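**Q** I'll drop the sequence and a predicted model, then ask my questions.
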Amino acid sequence: MQRLIITVMAILLLMSINSFAKPVGKILELSGDIDITSMKTGKRIIPEEGTVIDGNDKIRTGRKSFVSIVLNDGSKLFIREISVLYVHDIKLNLTDQPTRIQIITGKLRVIAAKTMKGNSLVVYTPTAIAGVRGTDFGVIATQLETRVVIFQGKVEVANKDKNILKSYILKDREETKVTYQQPPEAPVVVPDYILSKWFDIYSIDEKTNIIIKRKQDDSLLDQLLRKKDI
């Protein structure tokens, strides 16, 4: 009897793993140190343009690396350096659950498809959750905090902890921060000159697991103010 139970459990586990392995998209462009680990087989591969991404594959980028992916729902992902993420589900029909993206750490830009009503895509980080449809937005995430900015569209941002009820709907050029066990901060408007290089003004300190705003941005602002005075 015990052997039968073990066999049934093994079959169910195999079916579950196989369900994760459905194709969810493919790689458009890539550069640098990138690998993909299959949840189905545990095998790690070095991808190339056109490589198919399966559900729950772990996508990792190293330093000075970049990869862009088009999902089967039409959404596009632009994954920057030192990132780890998964694509769990794809919304292809009105009755399907939203496309789910889980970013463990790193920098991600998402251009979500506009094809369906309601939230068609949800991004999870260790501290935040963002639901969108037809929106172009950026995410920088660590285990302790998340920053979200809107390039175009709207995103509802909340803490991943369901007991923290406060949320904000961000609009064009707005940014918020969500830290561990805290509600999102009130959105702030990002100046155009910062928005165009938003990902570059932040870096992730891998030792402290926090997001750091680079000080060189302040010197650029001083230069612009001096020019304005002249």
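**A** Right, received. Where do you want to start?
**Q** going forward, measure contacts between C-alpha atoms and count neighbours the same way
**A** OK.
**Q** just checking, what packs against the lengthiest strand in the chain?
**A** Assignment by DSSP state E gives strand 99-111 as the longest strand of the chain. Strand 99-111 sits against strand 76-79, strand 83-89, strand 121-124, strand 136-141, with contacts defined as 3 or more C-alpha pairs under 8 Å, 6 or more residues apart in numbering; DSSP states H and E.
**Q** nearest to residue 60, out of those strands?
**A** For residue 60, the closest of the helices and strands packed on strand 99-111 is strand 83-89, at 4.6 Å, according to C-alpha to C-alpha.
**Q** so what's residue 149 up against?
**A** Taking C-alpha atoms under 8 Å, 6 or more residues apart in numbering, we find residue 149 in contact with 137, 138, 139, 170, 173, 174, 175, 176.
**Q** now flag whichever of those residues is closest to residue 84.
**A** Lowest distance from residue 84 to the contacts of residue 149 (C-alpha to C-alpha) belongs to residue 139, with 12.5 Å.
**Q** coming back round to it: any idea which of the helices and strands packed on strand 99-111 is most buried?
**A** strand 136-141 (a mean of 24; mean count of other C-alpha atoms under 10 Å).
**Q** what pairs with it, and is each one parallel or antiparallel?
**A** Applying DSSP bridges to the sheet, strand 136-141 is found paired with strand 99-111 (antiparallel), strand 145-152 (antiparallel).
**Q** if we can go back for a sec, output the helices and strands packed on strand 99-111 in JSON lines; the columns should cover distance to residue 40 and mean pLDDT.
**A** Converted to JSON lines, the helices and strands packed on strand 99-111 look like this (distance: least, C-alpha to C-alpha, whole Å; pLDDT from 0 to 100):
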{"stretch": "strand 76-79", "distance to residue 40": "22", "mean pLDDT": "98"}
{"stretch": "strand 83-89", "distance to residue 40": "13", "mean pLDDT": "95"}
{"stretch": "strand 121-124", "distance to residue 40": "22", "mean pLDDT": "95"}
{"stretch": "strand 136-141", "distance to residue 40": "26", "mean pLDDT": "98"}
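**Q** okay if I get the ones you listed as JSON lines plus distance to residue 201?
**A** JSON lines is the format used below for the helices and strands packed on strand 99-111 (distance: least, C-alpha to C-alpha, whole Å):
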{"stretch": "strand 76-79", "distance to residue 201": "16"}
{"stretch": "strand 83-89", "distance to residue 201": "16"}
{"stretch": "strand 121-124", "distance to residue 201": "22"}
{"stretch": "strand 136-141", "distance to residue 201": "11"}
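**Q** appreciated, that's everything.
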